[in-house]
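1. Show me how the following folds:
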Amino acid sequence: MNRSPITIKPMSTKHIPEVIALNQAQAQRFHALDYRLTPASSYERIVTLLAQHCQNAATSLVALDTAGRVRAYAHPALWELESYDSLLAFFTERNGITHSLTLPDPDDDDVLAVTEALFSALSTFWQAQRTGSDMLRWPACESWFEALVLGQGFILDSALAYHPARAAALVEPRAYPGLHVRLSQPQDEEVLVKLFEEELQAHQPFTPFVRCSPAIIQAFRDRLALQWAGKRLEAGAPLVLVVERNGELVAMAENELYIWEDGEEPDFMPCGRYGHINNLGVRKDQRGQGIGRLLVQAIFTSLAPFKLDGYILWFNPANPLSNPFWQRLGFRQLWRTYQRPHAEASQGTIGV
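-> As a prediction, this is how the structure comes out:
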């Protein structure tokens with residue numbers, strides 16, 4: 001393992017060709033390991049992206065070896081959430097992130113020294129921004145990264161899983177006597193809120209970042225209001241399906257339409273239209289009876305007319321219920337997100 005000194009400096013125009021070459025090599029490596037990941041971008045596309053980074057207030061960073069060669073790149077940034085944002089159930093109001101994280105090949109001798117030096121510089125930037133939590137993401141197919149970031153104080157947060165639309169079309173429907181799936185209605189709202197709260201609480205033992213508050217519940221109600229008002233998926237409204245058993249609502253799934261366009265960050269997926277399963281909750285006393293599978297089956301059917309390229313969702317691989325459930329239904333991990341909460345920002349409680 002090469003422990004030669006690594007220097008972190010602001011990126012300048014002379015570094016751009018090497019950053020592009022490193023970025024393209026990394027994307028090709030990812031795509032070779034998992035064909036579902038975005039292939040390498042063109043030279044022109046990366047030039048445009050780097051120019052956008054340079055226009056932002058934050059400084060783009062490069063890691064240089066003793067010969068002055070670029071060995072890594074990152075554009076640190078701050079991701080701020082409003083007090084009413086439902087994502088505060090999982091993140092803080094000020095989150096440290098990085099765009100276009102580009103690292104050496106894991107087989108290179110200097111990969112550990114380069115990555116540790118770059119992470120130290122990122123931490124310094126985030127500390128200056130007084131972040132409540134810091135986040136990193138990396139493809140699930142490269143397992144070496146996880147051991148490294150866990151050593152830096154990060155914790156596995158969640159995984160982005162993908163299910164191709166063509167495979168969903170081949171799923172053989174199952175019959176579930178006594179269960180009925182329908183579109184949610186305004187009179188369901190209080191039961192939906194209870195299911196949403198129960199879902200967040202179920203995450204608590206496995207996802208230490210999860211929190212609940214009146215503002216988060218209100219954000220959920222606001223999303224429901226878009227559907228009650230007749231808004232369309234393309235306009236940002238959710239599609240909320242529910243399951244009834246003998247007239248009693250026992251489960252729900254909140255779904256959205258995600259459209260990834262060329263040049264959009266973060267580039268989790270190739271450009272296209274995706275159904276996003278945002279929340280899926282089954283009442284605790286009704287689990288293990290096929291209700292979750294029935295809901296996913298109904299999601300595939302309900303969203304099929306939107307000509308999707310696939311379905312995506314986030315889940316915690318450490319959760320012994322959700323991990324095998326999604327795998328059995330054909331969802332495969334693409335990305336993993338790691339979070340490092342700061343002590344003063346992690347004192348929130350679960351429950352309202």
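
2. all contacts plus neighbour counts: C-alpha atoms, from now on.
-> Will do.

3. now for the helix or strand where Arg223 lies, which elements pack on it?
-> Using DSSP states H and E, Arg223 maps to helix 214-228. When contacts are defined as 3 or more C-alpha pairs under 8 Å, 6 or more residues apart in numbering; DSSP states H and E, helix 214-228 packs onto helix 189-203, strand 239-245.

4. residue boundaries of the helices in the stretch 51-200 of the chain?
-> Under the criterion DSSP state H, counting those that start in this stretch, helices of the stretch 51-200 of the chain are mapped to 111-128, 144-150, 165-168, 189-203.

5. For my notes, please list these in TSV and give mean pLDDT and mean neighbour count for each entry.
-> Listed next are those as TSV, based on pLDDT from 0 to 100; neighbours: other C-alpha atoms under 10 Å:
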stretch	mean pLDDT	mean neighbour count
helix 111-128	96	18
helix 144-150	94	15
helix 165-168	83	15
helix 189-203	92	18
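
6. can you redo those as a markdown table with distance to Pro10?
-> Listed next are the helices of the stretch 51-200 of the chain as a markdown table, based on distance: least, C-alpha to C-alpha, whole Å:
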| stretch | distance to Pro10 |
| --- | --- |
| helix 111-128 | 11 |
| helix 144-150 | 23 |
| helix 165-168 | 42 |
| helix 189-203 | 40 |
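
7. for the ones you listed, which one sits closest to Glu256?
-> Evaluated over the helices of the stretch 51-200 of the chain, closeness to Glu256 peaks at helix 165-168, with 14.9 Å, by C-alpha to C-alpha.

8. what residues does that closest one touch?
-> Outside of helix 165-168, the residues within contact range by C-alpha atoms under 8 Å, 6 or more residues apart in numbering are 300, 308-311.

9. Considering only helices and strands, which part of the protein has the lowest mean pLDDT?
-> Least confident helix or strand of the chain, by mean pLDDT, DSSP states H and E, is helix 43-55 with a mean of 74.

10. How far off centre is that one?
-> Once both centres are worked out by C-alpha atoms, centre = their mean, to the nearest Å, helix 43-55 turns out to sit 23 Å from its chain's centre.

11. now for that helix, which elements pack on it?
-> If you count contacts as 3+ C-alpha pairs under 8 Å, 6+ apart, helix 43-55 packs onto helix 16-33.

12. what's stretch 77-90 in contact with?
-> Stretch 77-90 is contacted from outside by 58, 92-99, 126, 129, 131, 200, 209-213, 215-220, using C-alpha under 8 Å, 6+ apart.

13. my guess is Ser4 is in a strand, correct?
-> No. Using DSSP: H, G, I helix; E, B strand; the rest coil, the assignment for Ser4 is coil, not a strand.

14. Who are the contact partners of it?
-> Ser4 sits next to 65-66, 110, 113 when contact means C-alpha under 8 Å, 6+ apart.

15. swap in Leu150?
-> Leu150 touches Leu156, counting by C-alpha under 8 Å, 6+ apart.
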